[in-house]
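# after the sequence you'll find the predicted model.
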Amino acid sequence: MVNITYRETDQTEIDAIEPLWQMLIEHMRLRSTDFREHYETITFDSRRTELLRKASKGLLHICLARDTDTGKEIGYCVSTLVKDGEETEGEIDSLFVDGSYRSLGIGDTLMKKSLAWMDAGGSTVKKVSVGAGNEGVFKFYEQYGFYPRMTMLKQIKK
């Protein structure tokens with residue numbers, strides 16, 4: 001049995017997710033068919049900057065899962081809240097659980113804590129983006145009421 005603890009924090013501890021974020025990027029690189037180059041060149045510094053920019057317009061929440069036996073961070077969820085007029089939009093910006101810890105309910109707990117944080121912050125709409133090639137996670141997100149609404153096609157100049 002794995003002993004897991006969860007910790008909720010804000011953007012001041014964003015660097016704690018870097019090792020797991022690197023694993024997420026590799027996971028996406030392996031699944032991407034058309035945007036593999038993007039995942040090969042994106043850096044944590046650029047992602048950190050993007051998330052902190054969003055935080056400056058609203059709020060940022062980080063939920064971390066740790067294996068207490070090893071002291072290793074094994075999962076995280078980053079979510080944001082941004083008010084736009086009458087609407088407060090919550091977003092699951094990044095979610096990842098180390099592959100060797102999947103199917104233990106960690107992703108479920110991270111989602112529930114993040115969604116509760118959004119609700120407490122007055123979220124009127126919530127969204128999550130899924131990278132092409134990772135559509136297998138749709139079933140996971142459907143458990144929380146997220147369904148595909150539209151597909152965005154993108155062209156990137158090389």
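All right, it came through fine. Numbering: from 1, shown residues only.

# okay but A65 is in contact with Y6, surely?
Yes - assessed by CB atoms under 8 Å, A65 is found in contact with Y6 at 5.6 Å. Placement of C-beta: from N, CA and C, glycine included.

# more neighbours: which of those two?
Relative neighbour count places A65 above the other of A65 and Y6, with 27 against 15, counting by other CB atoms under 10 Å.

# just checking, what packs against the longest strand along the chain?
Looking across the chain with DSSP state E, the single longest strand is strand 72-84. Applying 3 or more CB pairs under 8 Å, 6 or more residues apart in numbering; DSSP states H and E, one finds that strand 72-84 contacts helix 18-31, helix 44-56, strand 58-67, strand 87-97, helix 106-120.

# identify the contacts common to A65 and Y6.
Residues touching both A65 and Y6 (CB atoms under 8 Å, 6 or more residues apart in numbering) are T109, L110.

# would you turn the helices and strands packed on strand 72-84 into a markdown table with mean pLDDT?
Written out in a markdown table, the entries for these read as follows (pLDDT from 0 to 100):
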| stretch | mean pLDDT |
| --- | --- |
| helix 18-31 | 92 |
| helix 44-56 | 94 |
| strand 58-67 | 96 |
| strand 87-97 | 96 |
| helix 106-120 | 98 |
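
# need the ones you listed in a markdown table (columns: distance to Y141).
Supplementary listing: these in a markdown table, determined by distance: least, CB to CB, whole Å:
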| stretch | distance to Y141 |
| --- | --- |
| helix 18-31 | 15 |
| helix 44-56 | 20 |
| strand 58-67 | 16 |
| strand 87-97 | 8 |
| helix 106-120 | 8 |
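
# mind checking which of these is nearest Q143?
helix 106-120 (7.7 Å; CB to CB).
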